[in-house]
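Participant: I'll drop the sequence and a predicted model, then ask my questions.
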Amino acid sequence: MTGGIRRGLTHYGDAEFSLYLRKAFIKAMGYSDDALDRPIVGITNTYSDFNPCHGTVPQLIAAVKRGVMLAGALPLEFPTISIHESFAYPTSMYLRNLMALDTEEMIRAQPVDAVVLIGGCDKTIPAQLMAAASANVPAIVVPTGPMLTRTHGGERLGACTDCRRFWARFRGGEIDRREVDAVNERLAPTAGTCMVMGTASTMACIAEVLGTTLPGAATIPAVHAERLRLAEASGNRAAALATEELHPDALLTAKAFSNALVVLHAIGGSTNALIHLTAIAARCGVRVDLDRFDALGRKVPVLVDLKPSGQHYMEHLHEAGGLNAVLRELKPLLHLDVPTVSGKALGDVIAAAEIVPGQQVVRTFADPIYGSGALAVLHGNLAPGGAVIKHSSATAALLKHAGRAVVFDSLDDLAARIDAAELDVRAEDVLVLRNAGPRGAPGMPEAGYIPIPKKLARQGIRDMVRISDARMSGTAFGTIVLHITPESAIGGPLALVQDGDTIRLDVEQRSIDVCVSSAELSRRRAALPGPRSEEVPTSGYRRLYVEHVTQADWGCDFDFMLPATMTGSAPIEA
């Protein structure tokens, strides 16, 4: 046996002594020789008191261990970084690559024949899939699952779409502090990830269609017993993977990423997911082609009636048959021959899935929620490398719009002036935030959901065109252009916009432009100041991040994690 406890021996110059020493120490945990002679399944422990989305992880680990042991293998858990969106400073995206490095190196460093990746909150599953792609050890993902919902005033609430909606109403003076605090008590009633089609739900669906989870894993509520049974089954399957050696590179192919991009459009998925998919695919040598992704969206409508694009919640999608109900509608557009971690081809998984008569959550092509895909890719003199808008959750009347730029130079500037009484702003203006990209912030925060200035919110204004090099939560809504590339901090055109410039958005034409001559933009560029010395990090992870993070069109991964050449691209037609 060369796997199990004998895998990846520590270098002491004597392999037999390395094994002898390893067994001596692990026996301090009470393991017998019989246990240590079995294949080892590693289990990531991403539990943290700062991460309520992962509150059920201890139960999931226990269930996974049970499944591993029932299959005759040895489960060993190990900790990794845990990231929660609202507890990560300066932003969870800043830490995603660190978690990917941590997880990859822990997989490499320890003698695991297969690994179970337990994750949930937004950037966790992307980080784990990036790690799995690089380590290429047999792996299976177990999402923590979405929360259940609660009501307020007879209305069902969804974190965090409704946290934004009620906060906007509070800022606009429609409700008082007592009511907004009452809503706060009910937005997140159970452990689990946001129960709308935010980034966490989107990435759970992406992990499933990529074939890295067992069927049904994306939608089972976090607190359902069914979630624990799935975890047990995943542990059982991981034990089989330890000997079958079905590696991630067999699953994470251009065809699989193409399927994932189809699903991203059809579920009304998060804009964040496009960045994450780009990063995961690039580690596998697959380049996500933004223009082809946009073209795909013109023929893939939004089929899932979930907030923020629709009305329902993840528990309702699960009751409607889960992701496989969506995949069944999408079959003509999918590569059905791709393998999955279950051991079956995707087409066979779909064929075996439950059909729920009369369900209302997953629509047909003839009756979609939105006539085209969730996301559109924009180009123009403001975004030569592309920008993204989730037009399925935008205001239709604003999708073709021209308005005056009201510019905020940074997150601090935004916070200081957005509610100032003297701010010169009108409802038809375009709010512009810059220096909020991967390097500029750093970490590309979810600040693209620029608040409506309080003076306008109190007039009943609920949406405006907003543009930035930042990201937006998948739970958010509005006419918001994101991921403008290249970002302003490295001299992208957004750095050249001035108050009063006319900005023109035309989503149908896929364009975003500032109406200023090329000569004037060149003059402004020549006058740009260089970075101040105090803004240049000199040590630590921040220096590594700022010096090596790529732009949004490459997934904001570290440049040294990318292969020298791309061997494929996605999407490709089925």
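Facilitator: Received, thanks.

Participant: ok, and the helix or strand in this structure with the lowest average confidence?
Facilitator: helix 161-171 (a mean of 88; mean pLDDT, DSSP states H and E).

Participant: Flag every buried residue along the helix or strand hosting Arg22.
Facilitator: In this structure, Arg22 sits in helix 15-26 according to DSSP states H and E. Using 16 or more other C-beta atoms under 10 Å as the test for burial, helix 15-26 gives 18-19, 22. The C-beta positions use only the backbone N, C-alpha and C, and glycine is treated the same way.

Participant: any idea which of these is closest to Arg510?
Facilitator: Nearest to Arg510 out of these is Arg22 (C-beta to C-beta; 56.9 Å).

Participant: Can you add distance to Ala570 and pLDDT and give the buried residues of helix 15-26 back as JSON lines?
Facilitator: Conversion of the buried residues of helix 15-26 to JSON lines gives the following (distance: C-beta to C-beta, whole Å; pLDDT from 0 to 100):
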{"residue": "Ser18", "distance to Ala570": "42", "pLDDT": "93"}
{"residue": "Leu19", "distance to Ala570": "43", "pLDDT": "94"}
{"residue": "Arg22", "distance to Ala570": "41", "pLDDT": "94"}
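
Participant: okay, these in TSV with distance to Tyr541 next?
Facilitator: Shown next, in TSV, are the buried residues of helix 15-26 (distance: C-beta to C-beta, whole Å):
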residue	distance to Tyr541
Ser18	31
Leu19	34
Arg22	30
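
Participant: What is the nearest of those residues to Val406?
Facilitator: Arg22 (62.1 Å).

Participant: Spatially nearest residue to the closest one (excluding sequence neighbours)?
Facilitator: Ile5 (6.4 Å; C-beta to C-beta, 6 or more residues apart in numbering).

Participant: just checking, what packs against the helix ranked longest in the chain?
Facilitator: Counting by DSSP state H, the longest helix found in the chain is helix 225-244. With contacts taken as 3 or more C-beta pairs under 8 Å, 6 or more residues apart in numbering; DSSP states H and E, helix 225-244 sits against strand 40-45, helix 57-70, strand 114-119, strand 139-143.

Participant: Using PDB, write out every CA atom in it.
Facilitator: Extracted in PDB, the C-alpha atoms of helix 225-244 (Å, rounded to 0.1, in the frame of the first residue of the first chain):
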ATOM      1  CA  ALA A 225     -32.200  15.800   8.200                       C
ATOM      2  CA  GLU A 226     -31.900  15.100   4.500                       C
ATOM      3  CA  ARG A 227     -28.800  17.400   4.500                       C
ATOM      4  CA  LEU A 228     -27.200  15.000   7.100                       C
ATOM      5  CA  ARG A 229     -28.100  12.000   5.000                       C
ATOM      6  CA  LEU A 230     -26.400  13.600   2.000                       C
ATOM      7  CA  ALA A 231     -23.300  14.200   4.100                       C
ATOM      8  CA  GLU A 232     -23.200  10.600   5.100                       C
ATOM      9  CA  ALA A 233     -23.600   9.500   1.500                       C
ATOM     10  CA  SER A 234     -20.900  11.900   0.500                       C
ATOM     11  CA  GLY A 235     -18.500  10.400   3.000                       C
ATOM     12  CA  ASN A 236     -19.400   7.000   1.700                       C
ATOM     13  CA  ARG A 237     -18.700   8.100  -1.900                       C
ATOM     14  CA  ALA A 238     -15.400   9.800  -0.800                       C
ATOM     15  CA  ALA A 239     -14.200   6.400   0.500                       C
ATOM     16  CA  ALA A 240     -14.900   4.900  -2.900                       C
ATOM     17  CA  LEU A 241     -13.100   7.800  -4.600                       C
ATOM     18  CA  ALA A 242     -10.000   7.100  -2.500                       C
ATOM     19  CA  THR A 243      -9.600   3.800  -4.400                       C
ATOM     20  CA  GLU A 244     -11.200   4.800  -7.800                       C
END
